[in-house]
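Novice: the amino acid sequence is not available; the structure is as follows:
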């Protein structure tokens, strides 16, 4: 699926929707960019998000991936429409302990009810940290 720019109104609607995702804000996720069929979110690795050994907790990385994927899906929805995650497969490739990581998600296929999305997380130097493939179902 090729990405195209969103209108200023569509971007404003996405940013407003993100402001209502309290869990993502609790983690410190940042809305970076979106275009039709794609979204980018970031997270600053910090001590309260680490596990033993000072490594960023996998749950924080998964939340970043899922949020980026959800918003990539939402770039294709009509106002008021919603999706819900059906499945999420994550592959952790490298640990990360510090810095700002980014998740870039792209819709691979958008059917009438099902959307399939791929997402990748990279560290501040561009090294691949984790990948995900996820499926969403349109609600309503």
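Specialist: Arrived safely, thanks for sending. Here the structure is a predicted model, which means the values were calculated and not measured.

Novice: contacts, neighbours, all on C-alpha from now
Specialist: Fine.

Novice: which parts of the biggest helix by length in the chain are buried?
Specialist: Longest helix in the chain by number of residues (criterion: DSSP state H): helix 58-74. Neighbour-count burial for helix 58-74, with 16 or more other C-alpha atoms under 10 Å as criterion, is recorded at 58, 60-74.

Novice: also stretch 79-89?
Specialist: 83, 88.

Novice: show the average pLDDT along it.
Specialist: Averaged over stretch 79-89, pLDDT sits at 93.

Novice: so which residues make contact with it?
Specialist: 66, 70, 73-74, 132-140 (C-alpha atoms under 8 Å, 6 or more residues apart in numbering).

Novice: look up how far residue 128 lies from the residue of the chain positioned farthest from its centre.
Specialist: Relative to the centre of the chain, and counting by C-alpha atoms, centre = their mean, the farthest-placed residue is residue 53 at 25.4 Å. Distance, residue 53 to residue 128, by C-alpha to C-alpha, to the nearest Å: 20 Å.

Novice: picking up where we left off before, which members of the contacts of stretch 79-89 are the farthest-apart pair?
Specialist: 132 and 140 (25.5 Å; C-alpha to C-alpha).

Novice: for the residue nearest the centre of the chain, give its distance to residue 29.
Specialist: For the chain, the residue nearest the mean C-alpha position is residue 68 (1.3 Å; C-alpha atoms, centre = their mean). The spacing between residue 68 and residue 29, counted by C-alpha to C-alpha, is 10 Å.

Novice: now for those two: what residues contact both?
Specialist: Joint contacts of residue 68 and residue 29 (C-alpha under 8 Å, 6+ apart) are residue 41.

Novice: so what strands line up beside the helix or strand where residue 83 lies?
Specialist: When elements are assigned from DSSP states H and E, residue 83 belongs to strand 82-92. Counting by DSSP bridges, the strands paired with strand 82-92 are strand 128-139 (antiparallel).

Novice: returning to that earlier point: immediately after the strand holding residue 83, which helix or strand?
Specialist: Taking DSSP H and E, what comes next after strand 82-92 is strand 99-110.
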